[in-house]
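*Asks:* sequence and predicted model, in that order:
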Amino acid sequence: MSLEDMRRKNRAWLRRHSYSFFSSLGVLLRHRIGTLMTVLVLGIAMFLPLGLYVTLANLEGMNLRQDEWSAVTVFFKSSTKQQEVNRVADELERLFQPELVVIISPEQGMTEFRDASGFGESLDILEENPLPWVLQVSPRSGETGQMKKRVDEMTAFLHSTDSVEVTQFDYKWLQRLGRMMELGQAAVTMLIILFGAAVVVVVANTIRLDVASHAEEIEILALVGAGDAFVRQPFLYTGLWYGLMGGVLSILLLSLTLLYLDRPLGLLLETYGTVFSIRGLGGYNTFWVLSVGGLLGWLGAWISVQRYLRQLRIGGRLGRK
């Protein structure tokens, strides 16, 4: 085959696919009601796992003070002096080599409490500061079992110290949060699989009806020598358009939902002293949503058309002479 023949063949291939690509969109736009109903189903099916995914991503991005949750908080007796606090802190660093030891004075604790609680000037009526000296000790990171052992040894030492009133370790809350996030991620994976299958089924059923309405045309094309690829082509592009439009609708629904929730969520977090702005999908994830939506629509159309062609071939109605 000469170079000119190859170019001519490639141009013919490009013209044929371009025609199928845009003509399939024109067919969908001519049947607005049916197309809208199908796209609504696809958009909602794709929106549900997207919504849960974005929710988990925003939870991970929140400032939940996880570094404080994984720290041992040591409360000293009210009569403890700063020299004793410094001595205990030095002893902890010598014996257990923690990642970080933070000393919080009663004055610093009162300032932080004033800012976080919102009581403000109401605290000025107190004659003296009731808060004790506090240590926040972050143990060395590692496996859960090793960290728990180190924390147990550390708390045993602290309990044997006369100046220590009580110790508090909230690492279990951090573990529970981590397990909940893992559960949420597993739920997102299952929803993606289930609703992805639902998208394929919806598109396949819609294309099946479309193929059935063009059964005579398909038989005529087969009689004149058209191959399966030529017959499938317009229906595959129709499935692609269904998937793309469903993806666009799901992204639009997600954006509207985030816009609606942004203000009330911001007001709620302000009461806890936290400022947070909801994040959307972003360009990278948007690209993947549209790509996967189009691929699922293409797959559903391929399954439907291939099954119909096989049935016609078995029945002896396809390609008969």
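*Replies:* Yep, it's here. Numbers count the residues shown, from 1 in each chain.
*Asks:* distance check, residue 9 against residue 109.
*Replies:* 79 Å (CB to CB, to the nearest Å). C-betas here are computed from N, CA, C, even on glycine.
*Asks:* likewise for residue 179?
*Replies:* In terms of CB to CB, residue 179 sits 31 Å off from residue 109.
*Asks:* who's more crowded, the two?
*Replies:* For residue 179 and residue 109, the more surrounded residue by other CB atoms under 10 Å is residue 109, and the numbers stand at 16 against 10.
*Asks:* tell me the SS of the more buried one?
*Replies:* helix (DSSP: H, G, I helix; E, B strand; the rest coil).
*Asks:* pretty sure it contacts residue 135?
*Replies:* No. At 11.4 Å, residue 109 and residue 135 do not qualify as touching, with contact defined as CB atoms under 8 Å.
*Asks:* how about the strands in the stretch 201-321 of the chain?
*Replies:* Taking DSSP state E, counting those that start in this stretch as the criterion, the stretch 201-321 of the chain contains no strands.
*Asks:* so where's it shaky on pLDDT?
*Replies:* For the stretch 201-321 of the chain, the stretches flagged by pLDDT under 70 are 222-228, 269-276, 312-321.
*Asks:* so residue 168, which state does it fall into?
*Replies:* strand.
*Asks:* okay, the nearest residue to it once chain neighbours are set aside: pLDDT?
*Replies:* Leaving aside its sequence neighbours, residue 168 sits nearest to residue 73 (CB to CB, 6 or more residues apart in numbering; 4.4 Å). pLDDT for residue 73: 85.
*Asks:* you'd agree residue 73 is in a helix?
*Replies:* No. Counting by three-state DSSP, residue 73 is not part of a helix but strand.
*Asks:* pretty sure it is touching residue 135, no?
*Replies:* Yes. Residue 73 is in contact with residue 135 according to CB under 8 Å; the separation is 7.3 Å.
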